[in-house]
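> Got a sequence here, can you build the structure:
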Amino acid sequence: MAIKRPPGRPGTVVVLEHVSRLLRDNPLGDPHIRKLAVWLPAQYDRGTTHDRGRRFPVLVDMAGFTGSGLGHIGWKNFSENIPERAARLVHEKKIPPAIVVFPDCFTALGGNQYINSSAIGPYADYLTKEIVPFVDKQFRTLAAREHRGCFGKSSGGYGAIIHGMKYASTWGAIADHSGDSYFEFVYGHDWPNTLTELAKYRAQELRAGRVNVTRLAKRTGRGIDDGRIKLFLDTVWQKHKLTVGEGHALMNLCMAASYDPDPRVPNGFRVPFDLETGEPLEERWRAWRRHDPINLVDQYRKNLQSLRGIYIDCGWRDQYHIHYGTRILSKRLVGAGIRHVYEEFDDTHSDVDYRMDVSLPFLAKALR
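Take a look at the predicted model:
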């Protein structure tokens, strides 16, 4: 089986180096000098006087957890990377020529949620206050929110809808593919596995026989690390390959660092369950719920209404149960009188980049 590459000119991928002031000295020690990939359509520079002065709308790609924008420009078997997809859509006249930007927001915790966190770094500000102005300065963009949109899947989809809510002065339209929402479903079901993974790093091994659970859980009942989280992180950061359990545990810790940072406690964040008993900690869950898109619609109603387009979709067999959250999100958007498009399709959470054939034309039309 072979994939035929699209006819027409493929455009150009440019990779720049960006020095971030905001990410310097971030709490995880991640690099503040990062590569930034930008796809320029073939029409960007055809050599004519008209084309040399032409300006283009901008689409910013938000990669999912463990991903990076640079990963979206690489060769892809039996499919297309995003620059190839964009070039084909332009050739088929399904979207007008646009500039597509691929920021690198990867972290030692596997990523981030494109929000500001004292435990990870100010990644919302990094995008809106550094990357967007940098791109506008380096390239011939239509440098206004009416011509700038963002899109992403999973954590990237979450980032897109959250940015549409909180940063409507930067973005004119957003596309959210399978973005995290309804946290009790998308995260809650996996925490027992994470707690079991972290239990391997207890300071004291459990022994068969009588257990004083009250004493055992004396400190972990506040969502504070008793040393096991740090030991887990120190261990996985030295490994070349993570198990599935370790990967999911790292993801849940990344979410905790995103949604419930606290500079006063070990590692700079708290977790939403007692590490020993597994009991949910209501105060900690309240902190998480404050970041759940389904709970933010009314608060950011005016910003959402100001957007020129909102696109949301999800597979109805999503293995992380995100389709329930996107249904609730759509229902609450309708209740708040916010125009949007919500679609479902017969698939899971995995390998659904083909849905960009729907979302990118939607964004391009909204951002003309």
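
> Tell me which stretches of this structure form strands.
Under the criterion DSSP state E, the chain contains strands at 12-19, 33-40, 58-62, 99-102, 116-117, 121-122, 148-153, 173-177, 309-315, 341-345.

> Pairing partners for the second one, with directions?
Same thing as strand 33-40. Partners of strand 33-40 in the sheet, by DSSP bridges, are strand 12-19 (antiparallel), strand 99-102 (antiparallel).

> Give me the residues contacting it.
11-20, 23, 69-70, 72-73, 82-83, 86, 99-104, 131, 134-135, 138-139 (CB atoms under 8 Å, 6 or more residues apart in numbering). For glycine as for every other residue, the C-beta is placed from the backbone atoms N, C-alpha and C.

> Can you find the helix or strand of this structure with the lowest average pLDDT?
helix 49-53 (a mean of 64; mean pLDDT, DSSP states H and E).

> what's the most buried one of the strands paired with strand 33-40?
Greatest average neighbour count among these goes to strand 99-102 (a mean of 25), per mean count of other CB atoms under 10 Å.

> neighbouring contacts of it?
Contacts to strand 99-102, defined as CB under 8 Å, 6+ apart, come from residues 36-41, 44, 56-61, 63, 68-70, 72-73, 82-83, 86, 131, 135, 139, 141.

> Stretch 318-337 too?
154, 161, 176, 178-183, 185-186, 189, 293-294, 297-298, 301, 304-305, 310, 312-317, 340, 342, 344, 348-350.

> Now, those residues that are in helices?
Counted as lying in helices by DSSP state H, out of the contacts of stretch 318-337, are 161, 183, 185-186, 301, 304-305.

> in the chain, which ranges drop under the pLDDT threshold?
Judged by pLDDT under 70, the chain has its weakly predicted residues at 1-8, 46-52, 219.

> Helices of that one, residue ranges please.
According to DSSP H, the helices that the chain contains are 49-53, 82-91, 123-125, 132-138, 155-166, 183-186, 191-199, 213-216, 228-236, 244-259, 282-289, 301-306, 322-335, 356-366.

> pull the CA atoms of the longest one into CSV?
Yep, that's helix 244-259 we're talking about. The C-alpha trace of helix 244-259 is given here as CSV (Å, rounded to 0.1, in the frame of the first residue of the first chain):
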residue,chain,number,x,y,z
VAL,A,244,2.3,1.8,29.9
GLY,A,245,1.7,2.2,33.6
GLU,A,246,4.6,4.6,34.0
GLY,A,247,3.5,6.7,31.0
HIS,A,248,-0.1,7.0,32.4
ALA,A,249,1.2,7.9,35.8
LEU,A,250,3.5,10.6,34.3
MET,A,251,0.4,11.9,32.5
ASN,A,252,-1.7,12.1,35.7
LEU,A,253,1.2,13.9,37.5
CYS,A,254,1.5,16.3,34.7
MET,A,255,-2.2,17.1,35.0
ALA,A,256,-1.8,17.6,38.7
ALA,A,257,1.0,20.0,38.1
SER,A,258,-1.1,21.8,35.6
TYR,A,259,-4.4,22.0,37.6
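
> now the angle from it to helix 228-236?
120 degrees (axes from the mean of the first three to the mean of the last three CA atoms, to 10 degrees).

> Likewise for the fifth one?
Orientation check (the same axes, to 10 degrees): helix 155-166 against helix 228-236 gives 130 degrees.

> Can you tell me what sits against helix 155-166?
61-65, 67, 111-115, 124, 127-128, 150-152, 170-171, 173-181, 291, 293, 296-297, 299-300, 303-304, 307, 310, 312, 329.

> From the chain's centre, how far out is it? Work that out for me.
The chain centre lies 7 Å from the centre of helix 155-166; the measure is CA atoms, centre = their mean, to the nearest Å.

> Please find the angle between the direction vectors of it and strand 173-177.
Using the same axes, to 10 degrees: helix 155-166 against strand 173-177 is 150 degrees.

> Cheers, nothing more for now.
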